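K.L.:
Let's see this in three dimensions:
(one chain, ligands or ions: 3)
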Amino acid sequence: MEEKEITVNVKKYNEKDGAFWKSYKLSVDKYTQMTEVLRRIKSEQDPSLAYRASCHMAVCGSCSMKINGVPSLACRTIALQATDEKNEINLESMDYYPGVRDLITDIDVFYDKMYKVMPRLVADNSVLSGENEQRMTPEDQTEVWKFEECIYCGLCVSACPSVKEDEKFLGPAAHAKGFRFVDDERDTKRQERLDILMDSAYRCTSCYMCYEVCPQDVQPVIAIKKTKNYLDEYKGNTAITVAARKHDDAIENLIASTGKIKESTLFLKSFGYGEAMRDAVDMLKAGKFKYAFEKDSKVKNMDEIKKLMGEKK
Ligand code: SF4
Ligand code: SF4
Ligand code: FES
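P.N.:
Ligands and ions are numbered 1, 2, ... in the order given. Coordinates of the predicted model:
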């Protein structure tokens, strides 16, 4: 089979020398996975190269790294498809997690966040004692299945900007896992789960990076959005969830009364005058204050909108 020589640039790291780049050349064919590339570099050129890999089939979640700057699984990446016009590939360890050596990071913080969401079903006592059987309908199973398929690779968390900025945010993978049980009718701890998840859900910025990088198509951002649908059922009150309730009410009332969402009014009703004043100062500084006074056109078919909103209520 035809082979091509490629150059693999690895950002190596150890405590003594810090981070530095090292390049390796080798020939690959069109089927060579990046984990095979790493195995050959380690056995043929540099025994000191450190990386993790086990299953080589996107199941164990251990070969996570940045390939050409993108959080990826090495075993799911074909070398020749990842090379640039100079036939080079750049490999680095994942962002966010502390480096251990070369491409290996310490992902304890990932597991800590996963355990915080009680990642197991808590069934009714009668089921646990064997008195009753609790079945799931195929439809309900389909709903939660997507969020069950996480392989704990940690890529979404390494790609998430909110996790890096906000210690209270549980992160995408933990939210997907947590929601999987919130939405499972067999579970008995929904309110406790909402106590853990709801405030955190509103710390996500909906940037969809987790959606982009997940090798299993778990779609954590969708789990976060669906968690917010349980806001009415959630009995707690945190500063964020109080504002979220006001925000939801304001959207509904604005649409019912004007047919559209006026952002300045929405902000005022959601966050109050103090926050609105602070926001106004930021807008002034950014030269955007004029937009708060832009004249709106009237919505014509208000009767229909009122009917729809009435039906909704
Ligand atoms: S959508 Fe939310 S959870 Fe996903 S990467 Fe962006 S901020 Fe993080
Ligand atoms: S949700 Fe996806 S990207 Fe995140 S840890 Fe699970 S499998 Fe990996
Ligand atoms: S080696 Fe198991 S997921 Fe890549």
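K.L.:
what ranges of the stretch 201-313 of the chain fall below the confidence cut-off?
P.N.:
312-313 (pLDDT under 70).
K.L.:
interface residues of it facing ligand 1?
P.N.:
Proximity of the stretch 201-313 of the chain to ligand 1 is confined to 204-210, 220-221, 224 under the rule Cβ under 6 Å from any ligand atom. C-beta: built from backbone N, CA, C; applies to glycine.
K.L.:
Which one of those sits in the busiest neighbourhood?
P.N.:
residue 210 (29 neighbours; other Cβ atoms under 10 Å).
K.L.:
need the contact list for it.
P.N.:
Neighbour list for residue 210: 156-157, 159-160, 172-173, 219-221 [criterion: Cβ atoms under 8 Å, 6 or more residues apart in numbering].
K.L.:
Make a markdown table out of the residues of the stretch 201-313 of the chain next to ligand 1 and add distance to ligand 3 and secondary structure.
P.N.:
Shown next, in a markdown table, are these (distance: Cβ to the nearest ligand atom, whole Å; DSSP: H, G, I helix; E, B strand; the rest coil):
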| residue | distance to ligand 3 | secondary structure |
| --- | --- | --- |
| 204 | 25 | coil |
| 205 | 28 | coil |
| 206 | 27 | coil |
| 207 | 24 | coil |
| 208 | 22 | coil |
| 209 | 20 | helix |
| 210 | 17 | helix |
| 220 | 18 | helix |
| 221 | 22 | helix |
| 224 | 24 | helix |
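K.L.:
Which ones, among those, also lie beside ligand 2?
P.N.:
Among these, ligand 2 is touched by residue 220 when using Cβ under 6 Å from any ligand atom.
K.L.:
Looking at the residues of the stretch 201-313 of the chain next to ligand 1, which is nearest residue 189?
P.N.:
Taking Cβ to Cβ as the measure, residue 189 sits nearest to residue 224 out of those, at 18.8 Å.
K.L.:
ok, the closest one touching residue 198?
P.N.:
No. Contact between residue 224 and residue 198 fails when scored by Cβ atoms under 8 Å: they sit 10.3 Å apart.
K.L.:
Overlap in contacts, those two.
P.N.:
With Cβ under 8 Å, 6+ apart, residue 224 and residue 198 have no common neighbours.
K.L.:
Any residues of this protein in contact with ligand 3? List them.
P.N.:
Going by Cβ under 6 Å from any ligand atom, the residues of the chain near ligand 3 are 35, 53-56, 58-63, 73, 75.
K.L.:
The same query, at a cut-off of 5 Å, please.
P.N.:
53-56, 58, 60, 63, 73, 75 (Cβ under 5 Å from any ligand atom).
K.L.:
want to try JSON lines for these, with secondary structure, pLDDT and neighbour count as columns?
P.N.:
Formatted as JSON lines, these follow (DSSP: H, G, I helix; E, B strand; the rest coil; pLDDT from 0 to 100; neighbours: other Cβ atoms under 10 Å):
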{"residue": "53", "secondary structure": "coil", "pLDDT": "98", "neighbour count": "20"}
{"residue": "54", "secondary structure": "coil", "pLDDT": "97", "neighbour count": "12"}
{"residue": "55", "secondary structure": "coil", "pLDDT": "97", "neighbour count": "14"}
{"residue": "56", "secondary structure": "coil", "pLDDT": "96", "neighbour count": "16"}
{"residue": "58", "secondary structure": "coil", "pLDDT": "97", "neighbour count": "17"}
{"residue": "60", "secondary structure": "coil", "pLDDT": "97", "neighbour count": "16"}
{"residue": "63", "secondary structure": "coil", "pLDDT": "98", "neighbour count": "24"}
{"residue": "73", "secondary structure": "strand", "pLDDT": "98", "neighbour count": "28"}
{"residue": "75", "secondary structure": "helix", "pLDDT": "98", "neighbour count": "23"}
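K.L.:
No further queries at this time; thank you.
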